[in-house]
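> let me see the structure of the following:
(chains A, B and C)
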Amino acid sequence: MHVPFLWYTMMFGLACCWVLFSGCERQDEVHREQIVALGTIVEINLWGVDKERAHRATAAVADEFSRLHQRWHAWEPSTLTVINDRLRKGQSITIDEESKALLSQAKALSLASESLFNPAIGELIALWGFHSDDAPSGPPPDPTTLEAFVSKSITMKGLIFENDTVRSIDPSLQLDLGGFAKGHAVDVAIAQLREMGIKNAIVNAGGDLRAIGRKGNRPWRIGVRDPRSNGIIVSVETHDDESVFTSGDYERYHEYQGKRYHHIIDPRNGYPARGSTSVTVIHRDAATADAAATALFIAGPEHWQSIAEKMGVEYVMLIDQNDTAFLSAAMAERIRFEVEPPPRTVVQLL
Amino acid sequence: MVVMDVTSTKPLRTNKEDYLIAWLTALAISVHIIEAAFPSPLPGVKPGLANVVTVAALILFGWGTAAWVGFLRVLVGSLLVGTFLSPTFALSLAGATASIAVLGIAKALPGVVFGPVGYCVLAAMAHMAAQFGAAYVLFIPHQGLFSLLPVLMTAALVFGLVSGFITKSAITYINDRKA
Amino acid sequence: MTKADAVVVFLALSLLLLLYSRYWIGTNAGETARILIPGEPEIEIPLEQDREYTIKGTLGESKIAVNAGRIRFVNSPCTTKQCVLSGWLQNSGAFAACLPNRISLLVAGKALRFDTINF
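Residues are numbered from 1 along each chain as shown, chains lettered A, B, ... in the order given. Sure, this is the predicted structure:
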């Protein structure tokens, strides 16, 4: 046999090995780490970051989350409960830039949602017993109490910003940012990761997430859980920088005498919103996605389109109580159903 | 493809060679079309039996002719099957490009002499690998796809061997006819 | 067949051997589930062996059972027992969590198809 021939053989063999084993390494480049924050499990996925740096980044996000938790917690002593105390007394309170930015963002989103996303109804949420780590028990609030509260039509319009102070026009206006604080925290975490030079990441806070960049040569792939089966109902690939938020009636609820009262309260009647089972929203920033998911859940299958339009949200999937999936046309192009057979779907233009 | 060389002093011999090229191209297209009906776990990914013709052209007429036959086959074949510029076309083109490139390299290697079987196996493996790569990158970027790769490459080897022996007997037959 | 042909066939066969060992053996070992505990490495458990696992969380011990390729929370020291109510999990991507006890389960399947789960 010729000498060059053996040489080629070896080269070919080496090339094969290289192709196979380089493929091998590539799969392990996601660093996934869980932290406990915001009263939930936060999962952070980082791609293309070495272990050491990934671990440091996760720890930094964990610190930031615990700071935000202490700031915006709705019932444990926090900056927010201090603000609420002063609002209840009818006093104005000086707030820092960070608080002002968040509260004005909440106000703007609330107004855009026609007050369906309403962080001013802390009192109503407390009436239902959701200001507690445990699931509420006992009978639901008395209808006349609810009626009395609803008749006051408390909205974020009543929260007035003057220079660096804030006050309210009604002592019943109590702030409860609810899930919105989570959306905000996810945005902050992503900004923090970017500052550290991380370009490919997912921050998933208890199921709601924002993803930036890609997983190597492909987009991040998100599975949206089916509340009924625990399986995956749809999958979606994120483009560049997107948040995926879902509001569902299965997340937290108050059970009494076999009847379930979920935690998404319709501010118009004081009762858990009816009509929707879950709403999934894709939007660039997590805060908007979070507020929109709540607002569209309350809007229900008949009114979600107009609210989505007002909030500037393009990608929406609403599943109603008959398991029909209502999709915005843009959303229909993005998702893939992962259940056989797929649910009955209605595609609607915004 | 059948062009009469009117200035030739030996018109009969030239006709015979042209006839062979036309026959090869037509055959390649037929095989391509038959292959299009082949069941495959990955739609559009084919074993590359049409390489028989490319390899025969390589041995009989050189790499240039083989490349022409290979690319023309993909183009005309897809026009006939109706997959021109479709995903299947992209896969065919990827396969043909890879196998023609590998054949070019194999032929150019100094000190190594391949027979039809070697060429066909190389071409079939390159064909399949490129189609798989194209399918993965362009259409189904899913890790799960890789579990199909061993089966597909086994098929490529088997078809490569089969087409190698077909090519070998075809060339012997053609050379006998020539002589 | 020339010598070169023989070597090509031999190399092709060894490539196939590599491919089979790389993509079939190991990935075919079966479905697995991941037990996720914040701040600790993931625990990967096979779903082929029927058995019970006891996992220590923040509140106490959660019992997890594997049966016929499925996995579930059998008991957990939480008040709502939502994790137990989630029932059996089987399909890739299926998920259940006991948030109070900080333990979650994720069926990984042969190759986990999703990078993360939205709910």
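
> from chain B, which residue is nearest to chain A?
In chain B, the residue that lies nearest chain A is residue B:111 (4.3 Å; C-beta to the nearest C-beta). Using the backbone N, CA and C atoms, a C-beta is placed for each residue, glycine as well.

> over to that residue. Which of the three states is it?
coil (DSSP: H, G, I helix; E, B strand; the rest coil).

> please apply the same query to residue A:222.
Three-state assignment for residue A:222 (three-state DSSP): strand.

> output the set of residues of the stretch 151-300 of chain A in proximity to chain C.
With the criterion set to C-beta under 8 Å from any C-beta of the partner chain, the stretch 151-300 of chain A comes near chain C through A:202, A:204, A:206-209, A:211, A:215, A:220-225, A:227, A:229-232, A:235, A:244-246, A:248, A:280.

> what pLDDT is listed against the residue of chain B closest to chain A?
Residue B:111 is assigned 82 on the pLDDT scale.

> against chain C, how distant is it?
Distance of residue B:111 to chain C, computed by C-beta to the nearest C-beta, to the nearest Å: 10 Å.

> tell me how many other residues surround that residue.
Here the number of neighbours of residue B:111 (other C-beta atoms under 10 Å in any protein chain shown) works out to 12.

> can you list contacts of the host helix or strand of residue A:53?
With elements delineated by DSSP states H and E, residue A:53 resides in helix A:51-72, which encompasses its position. With C-beta atoms under 8 Å, 6 or more residues apart in numbering or on different chains as the contact definition, helix A:51-72 has outside contacts at A:31, A:33, A:35, A:37-39, A:42, A:44, A:46, A:49, A:78-80, A:99, A:102, A:177, A:181, A:184-185, A:188-189, A:192-193, A:196, A:198, A:203, A:205.

> and stretch C:34-54, which residues are buried?
C:34-38, C:45, C:47, C:53 (16 or more other C-beta atoms under 10 Å in any protein chain shown).

> give me the distance between that stretch and the centre of its chain.
Chain-centre distance of stretch C:34-54: 8 Å, with C-alpha atoms, centre = their mean, to the nearest Å.

> give me the contacts around that stretch.
With contact meaning C-beta under 8 Å, 6+ apart, stretch C:34-54 is reached by A:32, A:34-36, A:41, A:43, C:29-33, C:55, C:57, C:61-71, C:74, C:102-108.

> so how far is the first residue of it from its last?
14 Å (C-alpha to C-alpha, to the nearest Å).

> how about stretch B:139-151?
This stretch, stretch B:139-151, spans 19 Å end to end (C-alpha to C-alpha).

> rounded mean pLDDT for that stretch, please.
In the prediction, stretch B:139-151 has an average pLDDT of 69.

> which SS class is residue B:99?
Following three-state DSSP, residue B:99 is assigned to helix.

> and the helices in chain B, which stretches?
Applying DSSP state H to chain B gives helices spanning B:11-36, B:51-61, B:63-81, B:87-108, B:116-134, B:149-178.

> so for residue A:132, which of those helices sits nearest?
Nearest of those to residue A:132, taken as C-beta to C-beta: helix B:149-178 at 53.9 Å.

> still on that earlier bit, closest to chain A out of the buried residues of stretch C:34-54?
residue C:38 (4.0 Å).

> would you say that closest one is within a strand?
No: applying three-state DSSP, one finds residue C:38 to be coil, outside a strand.

> now the residue in chain B positioned nearest to chain C, nearest residue through space, not along the chain?
Chain C sits closest to residue B:118 of chain B, with a gap of 3.5 Å, by C-beta to the nearest C-beta. Using C-beta to C-beta, 6 or more residues apart in numbering or on different chains and skipping residues adjacent in sequence, the residue nearest residue B:118 is residue C:5, 3.5 Å away.

> what helix or strand does the one you found sit in?
With DSSP H and E as criterion, residue C:5 is part of helix C:3-23.

> relative to chain C, how far out is residue A:196?
20 Å.

> measure the residue nearest in space to the middle of chain B to residue B:98 for me?
For chain B, the residue nearest the mean C-alpha position is residue B:51 (2.4 Å; C-alpha atoms, centre = their mean). Applying C-beta to C-beta, to the nearest Å, the value for residue B:51 to residue B:98 is 11 Å.

> where does chain C dip in pLDDT?
For chain C, applying pLDDT under 70 flags the ranges C:24-30, C:92-93, C:109-112.

> what ranges does it have for its strands?
C:32-36, C:43-46, C:51-56, C:61-67, C:70-75, C:95-98, C:103-107, C:116-118 (DSSP state E).

> mind giving me the packing neighbours of the shortest one?
Under the contact criterion of 3 or more C-beta pairs under 8 Å, 6 or more residues apart in numbering or on different chains; DSSP states H and E, the helices and strands touching strand C:116-118 comprise strand A:201-205, strand A:208-212, strand A:221-225, strand A:241-248.

> out of those strands, nearest to chain B?
strand A:221-225 (8.9 Å).

> next, count neighbours for whichever residue of the stretch 201-350 of chain A sits closest to chain B.
Going by C-beta to the nearest C-beta, chain B is nearest to residue A:218 of the stretch 201-350 of chain A, at 4.7 Å. Counted with other C-beta under 10 Å, residues neighbouring residue A:218 total 14.

> which residues does the residue of chain B closest to chain C contact?
B:106, B:164, C:1-2, C:4-5, C:7-9.

> ok, of the residues you listed, which come out buried?
Using 16+ other C-beta under 10 Å as the burial test, these include B:106, B:164, C:4-5, C:7-9 as buried.

> for those residues, which one is nearest chain A?
For the buried ones among the contacts of residue B:118, the nearest to chain A is residue C:7 (5.8 Å; C-beta to the nearest C-beta).

> gap between the closest one and chain B?
Using C-beta to the nearest C-beta, one obtains 8 Å as the distance from residue C:7 to chain B.

> next: residue A:101.
Counting by C-beta to the nearest C-beta - residue A:101 and chain B are separated by 39 Å.

> helix or strand: which one has that residue?
Assigned by DSSP H and E, residue A:101 belongs to helix A:97-112.

> give me the contacts around that helix.
Under C-beta under 8 Å, 6+ apart, the answer for helix A:97-112 is A:71-72, A:79, A:83, A:95, A:117-120, A:155-157, A:159, A:161, A:164, A:166, A:175, A:177, A:180, A:184, A:287-288, A:291-292, A:310-312.

> now that we have these, which of them are buried?
Among the contacts of helix A:97-112, those classed as buried by 16+ other C-beta under 10 Å are A:71-72, A:79, A:83, A:95, A:117-120, A:155-156, A:159, A:166, A:175, A:177, A:180, A:184, A:287-288, A:291-292, A:311.

> re the thing from before, would you mind saying which of the strands of chain C lies nearest residue A:270?
Smallest distance to residue A:270 across the strands of chain C (C-beta to C-beta): 29.1 Å, for strand C:116-118.

> list the contacts of that closest one.
The contact list for strand C:116-118 (C-beta under 8 Å, 6+ apart) reads A:43, A:45, A:202, A:204, A:207-209, A:211, A:220, A:222-225, A:232, A:244-246, A:280, C:93, C:95, C:106.
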